[in-house]
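Asker: Can you look at this prediction? I've put the sequence above it.
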Amino acid sequence: MTITAIDTSKLHLDVLTPEQIRRIHTATLDVIETVGVKMPSPKALEILQAHGATVDPTTWIARIPGHVMEAALAKAPPTFTLAAREPALDLPLDGAHSYLGTDGCGVEVVDAFTGVKHRSSLQDVSDAARVADALDAVAFHWTPVSAQDRPAESRSLHELLAIWKVSKKHVQTETIVTEPEMRAAIEMAATLAGGRDRLRRRPILSIMQCTMPPLAQDRGSLEAGLLAAEAGLPIGYMTMTSCASTGPATMAGTLVVGNAEVIAALALMQMAHPGCPVYYAAAQTAMDLRTGAYTGGGPEDFLFGAASNLLADFYKVPLSMGAYATGAKEPDWQAAVDNAFSSFVAIATGADMLLGAGLLYGSRILSYEEMVMDAEIWSILVSMSRGIEVSDETIALDAIRDVGPGGNFLAHRHTKRHMRELWQPTLMDRRTYGAWEQQHDGAREQARRLAQEILRTHRPQALDARQETELQRIIDGAEAAVLAGAGARGAVGIGRRSG
């Protein structure tokens with residue numbers, strides 16, 4: 001098994017000047033210090049107050065001085081590695097490579113064999129992970145769909161186990177949003193890594209949390225994030241601010257609001273655990289003015305992606321960003337346009353992690369066809385990112401002299417040496433018109449066939465029986481603790497009523 005990372009050194013795009021980035025940063029610090037960010041967690045407010053923030057425990061709003069913010073952010077490591085259980089699949093976040101991941105957390109799945117859409121289950125989590133595991137383009141997993149047939153309090157843990165059972169690639173989860181779940185997830189990851197110390201050195205699990213725009217956080221996400229940071233798991237906070245709804249109608253204003261949410265959370269992590277690995281995360285968009293819906297595509301999304309990477313570079317932390325996850329309802333022309341533009345802009349600005357392979361309708365619906373087609377888009381970007389090598393060998397003067405005017409390079413030894421460097425499609429149709437006319441199919445049909453083949457045949461054994469049993473024991477313990485806590489609360493309530 002291999003993965004295909006993109007070398008970002010050959011493609012370059014700047015949508016903001018250094019002066020504009022500095023202005024957004026300055027405005028962001030102004031907002032954090034004067035308007036504040038809602039931090040509805042006693043633990044978070046205590047940490048922030050101890051570091052010089054002004055906090056209001058009645059509104060949960062923290063106002064953090066700009067110099068305190070900058071001092072905290074300066075402690076974040078600029079590079080680190082997302083470890084895989086197979087070291088050859090490790091992902092160095094070194095500012096020079098981009099990696100593609102799946103996205104989450106969808107709630108419906110289009111069956112690869114029947115085409116019928118159904119509510120997502122734990123089996124779908126496993127199936128999606130198997131397809132992603134088989135695709136070299138996909139370097140790491142998100143929980144792509146929700147295991148809605150498992151208890152809400154432990155669903156995220158079942159999803160983790162389902163992915164680890166079928167893949168050794170790195171896992172980044174966005175569904176662990178409570179302290180009890182995070183404690184269990186850390187214990188599961190440590191079991192696989194060989195202990196807490198080894199997990200800290202080789203974090204096989206990283207954590208994504210979402211902010212609550214505008215200018216707010218979620219208590220569970222903050223407190224779960226603090227636990228992850230303490231354990232050495234890379235943690236990122238994602239803003240999904242939207243122009244004209246959760247952000248100003250202007251893109252610069254929405255960047256300021258989202259930036260304030262993200263860096264306030266990252267600064268909190270550094271205050272609590274200096275030097276812990278953190279990353280910037282963003283999936284801003286523009287509200288659809290006709291429906292008020294999240295768009296999942298369009299020029300604003302593409303520009304937001306590019307700008308977010310420049311901001312992450314400014315703070316010297318890696319970036320994870322929504323890039324695929326089209327707003328289209330099926331794998332069609334709209335999906336191709338959305339995902340081609342968004343991914344190209346992301347890698348041209350040097351994004352470390354791109355999310356969204358396989359999801360439609362703004363991350364609501366998983367499509368196996370779309371995941372395979374997104375992998376094809378990625379393969380094109382991989383080829384483009386190599387640029388054009390100019391050397392004595394590639395200029396090929398000797399071959400040109402040998403062939404001369406009117407000749408043919410097909411059988412020349414230079415062609416034999418280099419022909420396999422040319423990109424070859426898996427799905428794009430290069431048949432003759434006559435051959436196509438006989439079948440009258442296209443990329444979508446070929447993607448469906450490939451996805452079906454993977455689902456029928458790709459059965460990786462990623463966990464041994466002992467590991468699987470131990471992880472299930474941890475999940476069972478977490479579920480028992482939830483039930484015990486619910487029972488205790490019920491007993492206290494009954495006692496009070498009877499008194």
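Answerer: Noted; the coordinates are in hand. Numbers count the residues shown, from 1 in each chain.

Asker: Strands of the stretch 201-350 of the chain, start to end?
Answerer: 205-210, 235-239, 242-243, 278-282, 285-286, 319-322 (DSSP state E, counting those that start in this stretch).

Asker: For Glu108, which of those strands is the nearest?
Answerer: Nearest to Glu108, of all the strands of the stretch 201-350 of the chain, is strand 319-322, at 18.4 Å by CB to CB. No exception for glycine: its C-beta is placed from N, CA and C like everyone else's.

Asker: mean confidence score for the closest one?
Answerer: For strand 319-322, mean pLDDT rounds to 92.

Asker: Take the strands of the stretch 201-350 of the chain and write them to JSON lines, including distance to Ser343.
Answerer: Formatted as JSON lines, those follow (distance: least, CB to CB, whole Å):
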{"stretch": "strand 205-210", "distance to Ser343": "19"}
{"stretch": "strand 235-239", "distance to Ser343": "17"}
{"stretch": "strand 242-243", "distance to Ser343": "21"}
{"stretch": "strand 278-282", "distance to Ser343": "15"}
{"stretch": "strand 285-286", "distance to Ser343": "16"}
{"stretch": "strand 319-322", "distance to Ser343": "10"}
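
Asker: any idea which element the most centrally placed residue in the chain lies in?
Answerer: The C-alpha lying nearest the average C-alpha coordinate of the chain belongs to Leu355 (CA atoms, centre = their mean; 3.9 Å). Leu355 is part of strand 353-357 when elements are defined by DSSP states H and E.

Asker: what does stretch 464-477 contact?
Answerer: 154, 157-158, 160-161, 164-165, 184, 187-188, 191-192, 463 (CB atoms under 8 Å, 6 or more residues apart in numbering).

Asker: In those, which residue is surrounded by the most others?
Answerer: In terms of neighbours by other CB atoms under 10 Å, the contacts of stretch 464-477 top out with Leu157 at 29 neighbours.

Asker: Please work out how many residues are found near the nearest residue to it once chain neighbours are set aside.
Answerer: Leaving aside its chain neighbours, Leu157 sits nearest to Ile475 (4.6 Å; criterion: CB to CB, 6 or more residues apart in numbering). Ile475 has 22 neighbours, counted by other CB under 10 Å.

Asker: And Gly115, by the same measure?
Answerer: Neighbours around Gly115, by other CB under 10 Å: 11.

Asker: same question, Gly406
Answerer: 5.

Asker: for the stretch 101-250 of the chain, what spans make up the helices?
Answerer: For the stretch 101-250 of the chain, the helices defined by DSSP state H, counting those that start in this stretch cover 122-134, 155-164, 179-193, 196-201, 219-231.

Asker: How far does stretch 401-421 sit from its chain's centre?
Answerer: 43 Å (CA atoms, centre = their mean, to the nearest Å).

Asker: for it, what is the average pLDDT?
Answerer: On average, stretch 401-421 scores 96.

Asker: sorry, back to before: would TSV of the contacts of stretch 464-477 with distance to Gln123 be doable?
Answerer: Putting the contacts of stretch 464-477 into TSV (distance: CB to CB, whole Å) gives the following:
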residue	distance to Gln123
Ser154	17
Leu157	16
His158	11
Leu160	15
Leu161	13
Trp164	15
Lys165	12
Ala184	21
Glu187	25
Met188	20
Thr191	23
Leu192	22
Leu463	17
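
Asker: Among those, show me the least confident.
Answerer: Leu463 (93).

Asker: give me the element it is part of.
Answerer: Following DSSP H and E, there is no helix or strand that holds Leu463.

Asker: close enough to count as contact, it and Ala162?
Answerer: No - with contact defined as CB atoms under 8 Å, Leu463 does not reach Ala162; the gap is 10.6 Å.

Asker: Name the nearest residue to Thr326, sequence neighbours excluded.
Answerer: Asp338 (3.8 Å).

Asker: Let me know whether that neighbour touches Gly322 as I believe.
Answerer: No - Asp338 is beyond contact range of Gly322, at 10.8 Å (criterion: CB under 8 Å).

Asker: How about the contacts made by the residue nearest to the centre of the chain?
Answerer: 101-103, 142, 283, 320-325.

Asker: let's see 10 Å
Answerer: By CB atoms under 10 Å, 6 or more residues apart in numbering, the residues touching Leu355 are 99-104, 140, 142, 172, 174, 208, 238, 281, 283, 320-325, 346, 363.

Asker: Please indicate which of these are buried?
Answerer: When the contacts of Leu355 are checked for burial by 16 or more other CB atoms under 10 Å, the buried set is 99-104, 140, 142, 172, 174, 208, 238, 281, 283, 320-325, 346, 363.

Asker: ok, residues contacting stretch 408-423?
Answerer: Residues from elsewhere that reach stretch 408-423 (CB under 10 Å, 6+ apart): 379-380, 382-384, 386, 389, 393-394, 396, 398-400, 402-403.

Asker: which stretches of this protein have low pLDDT?
Answerer: Residue ranges of the chain with pLDDT under 70: 486-499.

Asker: what do you get if the cut-off is 80, keeping everything else the same?
Answerer: Scanning the chain for pLDDT under 80 picks out the ranges 1, 10, 294-296, 485-499.

Asker: Can you tell me the closest non-neighbouring residue to Val138?
Answerer: Nearest non-adjacent residue to Val138, counting by CB to CB, 6+ apart: Ala132, 4.3 Å away.

Asker: right, and that neighbour touches Leu359 too?
Answerer: No - at 11.6 Å, Ala132 does not count as touching Leu359 under the criterion of CB atoms under 10 Å.

Asker: Can you pick out the residue with more neighbours from the two?
Answerer: The neighbour comparison of Ala132 against Leu359 (other CB under 10 Å) goes to Leu359, with 31 against 28.

Asker: Quickly list what that one is bridged to.
Answerer: Leu366 (DSSP bridges).

Asker: For it, give me its contacts.
Answerer: Contacts of Leu359 by CB under 10 Å, 6+ apart are 102-106, 128, 142, 144-145, 296, 322, 324-326, 335, 339, 365-367, 370-371, 374.

Asker: returning to that earlier point: for Ala132 and Leu359, list the residues in contact with both.
Answerer: 102, 142, 144, 371.

Asker: OK, contacts around the third one?
Answerer: Neighbour list for Pro144: 101-106, 109, 120, 124-125, 127-129, 131-132, 159, 163, 356-359, 363, 366, 371 [criterion: CB under 10 Å, 6+ apart].

Asker: Over to Met69?
Answerer: Contacts of Met69 (CB under 10 Å, 6+ apart): 25, 28-29, 32-33, 51-53, 260, 263-264, 266-267, 270-271.

Asker: Right, I'll call it a day here.
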